[in-house]
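Enquirer: have a look; sequence and predicted model below, questions after that.
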Amino acid sequence: MMIDSATLSDRHPAEVRQLIREGQWDKPTSGLANGYTQANLVILPQKYAYDFLLFCQRNPRPCPLLEVLDTGNPSVRELADGADIRTDLPKYRIYRKGLLSEELTDIKSAWREDFVSFLIGCSFSFEQALLQNDIPVRQIEQHCNVPMYKTNIACRPAGIFQGPLVVSMRPMTEKQAIRAVQVTSRYPSVHGAPIHIGSPEKIGIANLSHPDFGDAVTIKSGEIPVFWACGVTPQAAVMATKPELAITHAPGHMLITDRKDSTFSIL
């Protein structure tokens, strides 16, 4: 049987993670295991961990922390019991001194005992709520990755870490955008409400057809772009500040957790 996103939309997270671990899925995770929270990943040597923790605390919209793993421990406990941070995401990126050096489907060979892993909330986690309110999620419709853009909005620096806010974009009508604000405001642990609506040039985005990460999507007549803070922001910070080594998820390729999206709803 061919595996596609529709096949995996209603599967349990543990089943999807097993397929990922076996190398049977290496694509973006938007639309998979509907109803379950997804997480961004940042792995750093311990000497950078405090600075990055402080960066997350100072920038909670793009970097809402869900779990921090003990030094040298690749096993997720709180979010997905038994998940292995080295194998259970479809793709990883390795940055050396701020430059992307490799993209891998597992990082066992790169693992170090001084690594600290950070799991950060992801906007994919509220997409099911958007769909349930008849709000389109274009990248799911078009079977591609969500478009993500660097902005002219600076994050608050912490230690060595600084850089621009990165946003994800979903097009919709103005009426749908109002409802999207209401819906996603209930999920502050996975980026919450949009940070900007319409007028991309006001946040430094010159061309929506050329995202910095992910894929461009169709914006239909009568639709406007709606932007959410994005968990790829730490990757922009890594590129800006150039630590000796950092490992992240490839944009759009998340850890699917065992926690229900409703766990992170405040209403």
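Expert: Looks like it came in fine. Numbering: from 1, shown residues only.

Enquirer: helix, strand, or coil at the closest residue to Pro147 other than its chain neighbours?
Expert: Distances taken as Cβ to Cβ, 6 or more residues apart in numbering put Pro211 closest to Pro147, at 3.8 Å, once the chain neighbours are dropped. C-beta: built from backbone N, CA, C; applies to glycine. Following DSSP: H, G, I helix; E, B strand; the rest coil, Pro211 is assigned to coil.

Enquirer: same question, the one 5 residues further on
Expert: Following three-state DSSP, we place Ala216 in the coil state.

Enquirer: is it true that it touches His210?
Expert: Yes. Look at Ala216 against His210 with Cβ atoms under 8 Å: they come within range, at 7.0 Å.

Enquirer: these two: which has the busier surroundings?
Expert: The residue with more neighbours, out of Ala216 and His210, is Ala216; 16 against 10, by other Cβ atoms under 10 Å.

Enquirer: what's near enough to touch the more buried one?
Expert: Pro147, Leu208, Ser209, His210 (Cβ atoms under 8 Å, 6 or more residues apart in numbering).

Enquirer: now the nearest residue to Gly204 once chain neighbours are set aside. Its backbone dihedrals?
Expert: Leaving out its chain neighbours, the residue that sits closest to Gly204 by Cβ to Cβ, 6+ apart is Asn152, at 3.0 Å. Note on Asn152: backbone dihedrals following degrees, to the nearest 10 are phi -90, psi 10.

Enquirer: which stretches of this protein form helices?
Expert: 5-8, 13-21, 46-58, 127-132, 138-141, 174-184, 233-241 (DSSP state H).

Enquirer: ok, which of these comes nearest Ile203?
Expert: helix 233-241 (13.2 Å; Cβ to Cβ).

Enquirer: what does that closest one contact?
Expert: With contact meaning Cβ under 8 Å, 6+ apart, helix 233-241 is reached by 40, 42, 52, 55, 59, 62-63, 93, 95, 98-100, 118, 120, 150, 155, 160-166, 213, 246, 248, 251.
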